[in-house]
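> take a look and give me a structure for this.
(chains A and B)
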Number of protein chains: 2
Amino acid sequence: MTPYSCMSKEELENEYAKVMAQYKHCKDQKLNLNMARGKPAKAQLDLVSDMLTVLQTPEDCFDGNIDARNYGELAGLPSARAYWADILDCKPENIFVGGAASLNMMADIVSRAFTHGLLNSPRPWCREEKVKFLCPAPGYDRHFQIGSFYGAELIYVPMTPTGPDMDMVEELVKDPQVKMMWVVPKYSNPDGIIFSDETIQRLASLKAAAPDFAVIWDNAYCIHEFEGDYVPFPDILSLSEKAGNPNMFFEFASTSKITFAGGGVSCMAASVENIHYFTGIFGVQMISYDKVNQLRHVRYLKDKAHTLEIMKRHATVMAPKFRCVSKWLNQKIKPAGIGEWVEPKGGYFVSLYTMPGTAKRTWQLCKEAGVTLTTAGAAYPNSNNPKDNHLRIAPSLPPVEELEKAMEVLTISLKLAALEKLLNP
Amino acid sequence: MTPYSCMSKEELENEYAKVMAQYKHCKDQKLNLNMARGKPAKAQLDLVSDMLTVLQTPEDCFDGNIDARNYGELAGLPSARAYWADILDCKPENIFVGGAASLNMMADIVSRAFTHGLLNSPRPWCREEKVKFLCPAPGYDRHFQIGSFYGAELIYVPMTPTGPDMDMVEELVKDPQVKMMWVVPKYSNPDGIIFSDETIQRLASLKAAAPDFAVIWDNAYCIHEFEGDYVPFPDILSLSEKAGNPNMFFEFASTSKITFAGGGVSCMAASVENIHYFTGIFGVQMISYDKVNQLRHVRYLKDKAHTLEIMKRHATVMAPKFRCVSKWLNQKIKPAGIGEWVEPKGGYFVSLYTMPGTAKRTWQLCKEAGVTLTTAGAAYPNSNNPKDNHLRIAPSLPPVEELEKAMEVLTISLKLAALEKLLNP
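Numbering: from 1, shown residues only, chains lettered A, B, ... in the order given. The predicted structure follows:
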């Protein structure tokens, strides 16, 4: 097949007619498919549902002397703190185990930073003239939304194949108004890349002007390989401590994509000083998080080794879906030369870079043909992607047979949007 | 027995020697008993632990078409919203079902009021010169703590046998800086009284100067009778709507003292407009709360009628403890004329009013004899009870045989503190 960029006007017109016919055919099928959010599939939820009956009796509810059913242990059950320390390769005293959502804890950190300040804040952020957040993009829309909600100025930092553009980050943090940065360091949302060792070292060693500059290190996919074996990943807490930034990183993880989405257990990992500071702060709003669910998880997941076995079972559900995405993109989009993507080995997303100026139109065409994607541009600060060249594909929820349909619609829509652009430049 | 106030100096000295000997005897036993917090007893947790196995299979996890194990339904599972509407006698659309802690939702409401404002706020509360919270006292220390944390001025309103001093409240809300009021309307913490119909009607009809004046209606003990039958209680939402204050009340409840403390399910009840407003706001921090636990609770508790049966079982554990407290106070303190208290029929506490100026000393004497009570004065704004005449007794946690010991120590300490005061006025 001739790449679209090498086609004559006539060839483009012929191709347009052909693709339009395919699109109309799709539309006639009145599909209703959703690839908008990174939701686990029913098959994944089923494969961990033995967890439901792990705790059966009053005696089962004791973690040593601690009755998980009663108040207490604000920072989490000792066994749950040890579990997360094992997963994240840090110490139990670095762990605060929360409720079902790590996002809620991130939002709490930002909220308290604005109303009260972080550990080393000269004043609450609401008393600053302006607060800026660095937002490597494409990134996670809900991260950016928290920043916007509290009135922070979101600064776009381009992602590279090794992580955020570190030259730019190192320059930007010289501005004392830059208070926070948001990253998903392993199988980044949505590019699916792993930050390189150099990027991680440079992040750990950042010389920020703001004494309370903080990085939200959202390690949401820390053990979420679906192709190949578990990839070890450095502990940012010890790296940053060695680099003289002991309190700069707030790491987050959860079992939302290990056990139940929205019914799992989240954790924050940070310096002992930060854990102490925030245990005090969280103590105002909470007596203790749901320790019964913490214990249920610890008993079911046991430890890192056993959790990795469960992740292998998730991989058997996930991998065919990502292969399906790759197959369609490689067969239909690569020859046309109208898109680029990385093929991730973990995480929940595929970043699809379209021809500039065609992502929104592709999204709309998909929508009209019954396939819902994450809104084009949503992965950029303020939902604004100046190049209009990015779509996030979230293939985890639909079964493969539905995904085949959805990818057909997506690839046809991509072509149609590209052809429209090329024919009406 | 002669009341202490009628004793001669010699009689007081004899009594002092006698009581001091009793106190020394207690101290020699090196007790370690705790009546500080309203924690359920192990026997109560055991009697609801069948809930652990209510959900067993993937199929069990569906609420109609909704898979409780996946993301979605931020305002709560439909069945959980219906359950709480049944309990609180309002409509499902008035209910937002949250995580394990209603306190966390209260804190979120206050936090967002300060950073963003409530529905009818002219501006975020952090932009107000001053914000004042009305704190009927004695009250719940954690309520007051949230206010202090956000820098609100806490205004003491005395509690009466029918609820807060309403003449004073009606006067105070004429001040536009008065933005919030905190109450526990049924089996109040710690007095254990039920607000009278007149008080409730006057609260519903408050004419506040602040357009965003809000009442935190913490109905924590809405179905928590331990003596006698369930006492029906008016729905504040419809009352306040009729009185022209549709958005003034945020009602809270939870299963923390129905199922597991800290592992239950909380809810907020408010006007549809408020639920809509806060669903938008909570959507920034959450994808959804733990719906698996919501469904587990709904399946186990079923409805109000069945939940009241479970509360009857809790009452069999709770009632003997409150009777034990009454017995000791009636036998030892009433004849000496050095204390007053109400005998509640529900809730978790007994308010003990000591001779003025002796509560702290009593607390200290108890502590030294190995009995921990809630810190004297904690039930007052800023932990400051000017009369130093109040102790909160929380008898739920210890078994009755321990409670007997603890009450012996408490009554002896009360006498000793009173005698010290009378002998050294």
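> find the nearest non-adjacent residue to whichever residue of the stretch 51-200 of chain A sits closest to chain B, please.
The minimum distance from the stretch 51-200 of chain A to chain B, using C-beta to the nearest C-beta, falls at A:Ala107 (3.6 Å). C-betas here are computed from N, CA, C, even on glycine. Nearest residue to A:Ala107 in three dimensions, chain neighbours excluded: B:Gln285, at 3.6 Å (C-beta to C-beta, 6 or more residues apart in numbering or on different chains).
> all strands for the stretch 1-150 of chain A, in order.
Residue ranges of the strands in the stretch 1-150 of chain A, as given by DSSP state E, counting those that start in this stretch, are A:33-35, A:62-63, A:66-67, A:95-97, A:132-137.
> ah, wrong one, I meant the stretch 151-300 of chain A
In the stretch 151-300 of chain A, the segments counted as strands under DSSP E, counting those that start in this stretch are A:153-160, A:163-164, A:178-183, A:214-218, A:249-254, A:266-269.
> does any part of the fifth one sit near chain B?
No - Strand A:249-254 stays clear of chain B (C-beta under 8 Å from any C-beta of the partner chain), getting no nearer than 10.8 Å.
> what's that strand packed up against?
helix A:78-88, helix A:102-115, strand A:214-218, helix A:236-242, strand A:266-269 (3 or more C-beta pairs under 8 Å, 6 or more residues apart in numbering or on different chains; DSSP states H and E).
> what about that strand, average pLDDT?
Predicted confidence along strand A:249-254 averages 98 (mean pLDDT).
> who touches it?
In this structure, residues lying in contact with strand A:249-254 by C-beta atoms under 8 Å, 6 or more residues apart in numbering or on different chains are A:84, A:87-88, A:90, A:100-102, A:105-106, A:109, A:204, A:214-220, A:222, A:236-237, A:240, A:264-271, A:274.
> got it, and the last one?
Strand A:266-269 is contacted from outside by A:76, A:80-81, A:84-85, A:88, A:90, A:94-102, A:104-105, A:109, A:237, A:250-256, A:275, A:278, using C-beta under 8 Å, 6+ apart.
> and the second one, by the same measure?
For strand A:163-164, the external contacting residues (C-beta under 8 Å, 6+ apart) are A:134, A:136, A:157-158, A:181, A:183, A:185, A:188, A:193, A:195-196, A:199-200, A:203.
> on that earlier part again, make CSV from the strands of the stretch 151-300 of chain A and add distance to B:Arg392 to it.
Formatted as CSV, the strands of the stretch 151-300 of chain A follow (distance: least, C-beta to C-beta, whole Å):
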stretch, distance to B:Arg392
strand A:153-160, 47
strand A:163-164, 53
strand A:178-183, 41
strand A:214-218, 39
strand A:249-254, 36
strand A:266-269, 33
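> can you redo those as JSON lines with mean neighbour count?
Shown next, in JSON lines, are these (neighbours: other C-beta atoms under 10 Å in any protein chain shown):
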{"stretch": "strand A:153-160", "mean neighbour count": "18"}
{"stretch": "strand A:163-164", "mean neighbour count": "24"}
{"stretch": "strand A:178-183", "mean neighbour count": "27"}
{"stretch": "strand A:214-218", "mean neighbour count": "25"}
{"stretch": "strand A:249-254", "mean neighbour count": "25"}
{"stretch": "strand A:266-269", "mean neighbour count": "27"}
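> out of those, the one nearest A:Ala417 is which?
Set against A:Ala417 and scored by C-beta to C-beta, these come closest in strand A:153-160, at 22.8 Å.
> and the closest one, what does it pack onto?
Applying 3+ C-beta pairs under 8 Å, 6+ apart, one finds that strand A:153-160 contacts strand A:132-137, helix A:141-149, helix A:166-172.
> can you check what angle separates that strand from strand A:132-137?
Strand A:153-160 and strand A:132-137 meet at an angle of 30 degrees, taking axes from the mean of the first three to the mean of the last three C-alpha atoms, to 10 degrees as the criterion.
> strand A:153-160 vs helix A:141-149, what angle?
Using the same axes, to 10 degrees, strand A:153-160 lies at 150 degrees relative to helix A:141-149.
> so what's the model's average confidence on strand A:153-160?
Per-residue pLDDT values over strand A:153-160 give a mean of 98.
> quick check: angle from that strand to strand A:178-183?
Using the same axes, to 10 degrees, the interaxial angle of strand A:153-160 with respect to strand A:178-183 works out to 40 degrees.
> on that earlier part again, just name the most buried of the helices and strands packed on strand A:153-160.
The highest average neighbour count among the helices and strands packed on strand A:153-160, using mean count of other C-beta atoms under 10 Å in any protein chain shown, belongs to strand A:132-137 at a mean of 25.
> which outside residues touch stretch A:31-39?
With C-beta under 8 Å, 6+ apart as the contact definition, stretch A:31-39 has outside contacts at A:189, A:257, A:261, A:348-349, A:369-374, A:393-398, A:402-403, A:405-406, A:409-410, B:70-72.
> does chain B sit close to stretch A:299-317?
No - on the criterion C-beta under 8 Å from any C-beta, stretch A:299-317 is out of touch with chain B, staying 11.7 Å away.
> ok so, going back, can you select the buried ones from the contacts of stretch A:31-39 in ChimeraX?
Taking 16 or more other C-beta atoms under 10 Å in any protein chain shown as the burial criterion, the selection of buried members of the contacts of stretch A:31-39 in ChimeraX is written as:
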select /A:189,257,261,348,349,369,370,371,372,373,374,393,394,395,396,397,398,402,403,405,406,409,410 /B:70,71
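> which ones among the contacts of stretch A:31-39 map onto strands?
If you go by DSSP state E, the contacts of stretch A:31-39 have A:Val371, A:Thr372, A:Leu373, A:Ile393 in strands.
> ok, now which ones touch the most centrally placed residue in chain A?
Among the residues of chain A, the smallest C-alpha distance to the mean C-alpha position (C-alpha atoms, centre = their mean) belongs to A:Asn189, namely 3.8 Å. Contact partners of A:Asn189, counting by C-beta under 8 Å, 6+ apart, are A:Gly38, A:Gly139, A:Tyr140, A:Asp218, A:Ala220, A:Tyr221, A:Gly347, A:Tyr348, A:Phe349, A:Ala379.
> and A:Val48, by the same measure?
By C-beta under 8 Å, 6+ apart, the contact set of A:Val48 is A:Ile258, A:Thr259, A:Phe260, A:Tyr300, A:Ile310.
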